[in-house]
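>>> coordinates only, sequence not included:
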């Protein structure tokens, strides 16, 4: 059995010159470095010591990232500015008017309840998925290594780490085997930091090469990354253009409401022909419709339902704005290994070079496989094919790194000989123009991955160890294409989303895989080592090409930045530690559930079923949510605009207000509330566009203005036409008919393009209003009674002209102010 350098955790406890740190003693939280002359026990804490720390509360108790608490959800839905306004008005109406004029309050209660229920359902989905996708660090206790939940880590725990593992708490390095940690997410330093025993490790960093163990010195909210996460979580929603756009609209609505409401209250209370209670009822009828109360609710519900739908597909949404970001994606960057291909590989051929004995090569490969405690997919395939030789002993190892593109080890062979070997990318280990490269390119062109085994002449710790290495054998690996990859790429092409394959593999091999998947541009694969470093030139190269090989982790990050500089919204998918930096910088980071802890931690979306085919569903869900909210927001804001304008016209002309609250509750339910709910949940494949506020208001302002003037004109006409008892009800009924017809036409425009159910939805709302007009008890309940034929038909005519004007205005706006 090959022996690895480092501490053998199964053997006897090693001797230390200094005293052993008592795992129950207080560790310095400010300077988490093991003091000189001390050492942490290699067996870790005992069960009794763990219980002691738990009793003292020294556990890694950090908040779950995925969702809000139940109390926050209830508070967020109940205690809103507009709920407070409507609540006060509702209480007033319960005392001064019939129950039908207080219906708007019951609608708000129902809406709030629906919002809370849907968000709680989404929370349950997120929390259950978060448990599945949670990182499970390996902790050594009582000399036994076992995976535990991150929240179960206690102060002083000994945590084992390897490539791709995230450092989950702050600590001090105890064991290190060529350990390299990337701290760029914390410090901005691009190069990995080599760690030795005694060095501090920070939570939020991750291992890129090698392995080891560290002792936890700061846990829970004291840990560096937990402090950063709490800071970042306060600003999570800032990146949501939709939410910030709605907040902006609500701010302007509030400013408009205050002076208009004050004017309306004064004008109605001074009206001579109304009693006090009737004046209050009409005043409330003017204020309530100004509030787009359903818009915020519908946004929350649409997001929540999106989370639930994606959860059913084993897709964990770690940040809600990610759903919105998906709708805006126009470029998706794909890592080949683990995304287009499955994680596993098979060795299909071993080709000895330069007359090397194949049996000897097999021994070398077996020893190399055993020298790495955390093998990647390529090395795992070699381990499966070539078992370890017992005579060889590893004296030094160099773990694989995506930046280096090779790994290595020095062995003491059974006969006393010592040799150093490298295994990695042939085009990195061999000089340009080497005759072996032509043969390797031929294999790569078939979509095969080729590794070169080379014997090094120098020492393993020499940075130039690869120079002068003698080629010994080629290891040919077959990559398994994901069966759903071609269909997924075809979906992106149909949806006008550009797919860019950026892989660390050989460019020819990446080209062959992309070609098998019929990816446009696969024949023009670019070797990333030839890419310019200038961001503008790199951006142009990315615009012109689709497939890139030999990309370093830093280049992946630079590529994402270059695409973003051209105005693209970029999604990045990946599963390896070499994808972390790019995932973090992308607008949307998507990780495979089987990916490294570090990739899952920085990604906003985790595909827990490891299925690349889930991505189209994820993008489609984002487009459905955002596209539909943009669509129905127009309905709500047209109502706000016409309500404010009608109230302003009433104040200016000193006439009685047109409607009672019950009339506008009926109109809102039939032309906005019910249809908006169905439209918000309908399929929508249109890519979301920026400038939400401008795109919504360019329709809402002309639509609302035309509706207001048409309705107010009808009302003034009715005031001159009707006289005597029942005149007020007849005037209100004519104005209500006109406003309903205009509003239903706005709904008909918003519902386009028509499908059978959309036409049925608009027709059903129209039928509902007709029932109110013809059924006697509904006429009484809603105080609607059309008197005569002259004014009702005049109202229909005015509404028809207004509908034509809205149709013209919307088309003119499309041409004059394109989105």
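Great, that's in hand. On a predicted model such as this, the values are computed, not experimentally measured, just so you know.
>>> the bottom helix or strand of the protein by mean pLDDT?
In the chain, the helix or strand scored least confidently by mean pLDDT, DSSP states H and E is helix 224-233, which has a mean of 51.
>>> I'd like the next helix or strand past that helix.
helix 241-269 (DSSP states H and E).
>>> name the element the residue nearest to residue 317 when sequence neighbours are not counted belongs to?
For residue 317, ignoring the flanking residues on the chain, the nearest one in space by C-beta to C-beta, 6 or more residues apart in numbering is residue 307 at 5.3 Å. Where C-beta positions appear, they are placed from N, C-alpha and C, glycine not excepted. Using DSSP H and E, residue 307 sits in helix 293-312.
>>> Same check on residue 695?
Short version, using DSSP H and E: residue 695 is in helix 692-721.
>>> After that helix, heading C-terminal, what element do we hit next?
Next along from helix 692-721, by DSSP H and E: helix 727-750.
>>> Report the mean confidence score over that following helix.
If you average the pLDDT over helix 727-750, you get 92.
>>> buried sites along it?
Across helix 727-750, burial judged by 16 or more other C-beta atoms under 10 Å covers 728-750.
>>> Between helix 692-721 and it, find me the angle.
Here helix 727-750 points in a direction 150 degrees away from that of helix 692-721 (axes from the mean of the first three to the mean of the last three C-alpha atoms, to 10 degrees).
>>> packing partners for helix 727-750?
Judged by 3 or more C-beta pairs under 8 Å, 6 or more residues apart in numbering; DSSP states H and E, the packing partners of helix 727-750 are helix 614-653, helix 661-668, helix 692-721, helix 756-774, helix 790-816.
>>> Compute the inter-axis angle for that helix and helix 661-668.
Using the same axes, to 10 degrees, helix 727-750 lies at 20 degrees relative to helix 661-668.
>>> got a list of what the spatially most central residue of the chain touches?
The chain has residue 322 as the residue nearest its centroid, 2.7 Å off, counting by C-alpha atoms, centre = their mean. When the contact criterion is C-beta atoms under 8 Å, 6 or more residues apart in numbering, the partners of residue 322 are 588, 604, 605, 622.
>>> Then residue 683?
Going by C-beta under 8 Å, 6+ apart, residue 683 touches 620, 624.
>>> Would you verify that it is located in a helix?
No: read with DSSP: H, G, I helix; E, B strand; the rest coil, residue 683 is coil and lies in no helix.
>>> how far away is it from residue 617?
Remark: distance between residue 683 and residue 617 (C-beta to C-beta, to the nearest Å) = 12 Å.
>>> likewise residue 244?
Residue 244 sits 27 Å away from residue 617 when distances are taken as C-beta to C-beta.
>>> repeat for residue 459
Separation of residue 459 from residue 617 (C-beta to C-beta): 52 Å.
>>> just the strands in the stretch 401-550 of the chain please.
Along the stretch 401-550 of the chain, counting by DSSP state E, counting those that start in this stretch, strands occupy 406-412, 418-424, 448-456, 470-481, 498-502, 526-527, 547-549.
>>> pLDDT (mean, whole number) over the first one?
Within the predicted structure, the mean pLDDT of strand 406-412 is 87.
>>> same for that strand, what does it pack against?
Counting contacts by 3+ C-beta pairs under 8 Å, 6+ apart, strand 406-412 is packed against helix 358-371, strand 393-398, strand 418-424.
>>> now for the helix or strand following the first one, which elements pack on it?
The helix or strand immediately downstream of helix 358-371 is helix 377-385, counting by DSSP H and E. Packed against helix 377-385 by the contact rule (3+ C-beta pairs under 8 Å, 6+ apart) you find strand 341-352, helix 358-371, strand 470-481.
>>> which of the ones you listed sits most buried?
Comparing the helices and strands packed on helix 377-385 by mean neighbour count (mean count of other C-beta atoms under 10 Å), helix 358-371 ranks first with a mean of 21.
>>> relative to strand 393-398, how tilted is it?
70 degrees.
>>> tally of neighbours for residue 801?
13 (other C-beta atoms under 10 Å).
>>> Report whether the expected contact of it with residue 713 is present.
No: in terms of C-beta atoms under 8 Å, residue 801 does not count as a neighbour of residue 713; the distance is 9.8 Å.
>>> Can you report how many residues lie near the residue nearest to residue 317?
So residue 307, with other C-beta under 10 Å, has 27 neighbours.
>>> How about the contacts made by it?
Residue 307 touches 122, 125, 126, 317, 320, 323, counting by C-beta under 8 Å, 6+ apart.
>>> any idea how far residue 335 is from the fourth one?
When distances are taken as C-beta to C-beta, residue 317 and residue 335 turn out to be 21 Å apart.
>>> try the third one
When distance is defined by C-beta to C-beta, residue 126 is 25 Å away from residue 335.
>>> So those two - more neighbours on which side?
Ranked by neighbour count (other C-beta under 10 Å), residue 126 and residue 335 place residue 335 first, with 27 against 24.
>>> right, and the more buried one touches residue 500 too?
No: using C-beta under 8 Å, residue 335 is not in contact with residue 500, being 10.4 Å away.
>>> Name all residues that make contact with residue 304.
Residues in contact with residue 304, defined by C-beta under 8 Å, 6+ apart, are 115, 118, 119, 121, 122.
>>> Out of those residues, the closest to residue 372 would be?
Distance to residue 372 across these (C-beta to C-beta) is lowest for residue 122, with 41.7 Å.
>>> how much does the host helix or strand of the closest one deviate in direction from helix 293-312?
Assessed by DSSP H and E, residue 122 sits inside helix 103-133. Calculated by the same axes, to 10 degrees, helix 103-133 forms an angle of 20 degrees with helix 293-312.
>>> Now do the buried residues in helix 103-133.
For helix 103-133, by 16+ other C-beta under 10 Å, it's 103-105, 107-108, 111-112, 114-116, 118-120, 122-123, 125-126, 129-130, 133.
>>> next one: stretch 810-819
Under 16+ other C-beta under 10 Å, the buried positions of stretch 810-819 are 810, 813.
>>> What is the distance between that stretch and the centre of its chain?
32 Å (C-alpha atoms, centre = their mean, to the nearest Å).
>>> swap in stretch 604-615?
With C-alpha atoms, centre = their mean as the basis, the mean position of stretch 604-615 lies at 12 Å from the chain mean.
>>> Contacts for that stretch next, please.
Here stretch 604-615 has contacts from 129, 132-133, 313-319, 321-322, 325-326, 332, 339-340, 343, 482, 484-485, 487-488, 573, 588-595, 600, 618, using C-beta under 8 Å, 6+ apart.
>>> and if we set it to 7 Å?
The list of residues contacting stretch 604-615 from outside it, by C-beta atoms under 7 Å, 6 or more residues apart in numbering, reads 129, 132-133, 313-319, 322, 339, 482, 484-485, 487-488, 588-594, 600, 618.
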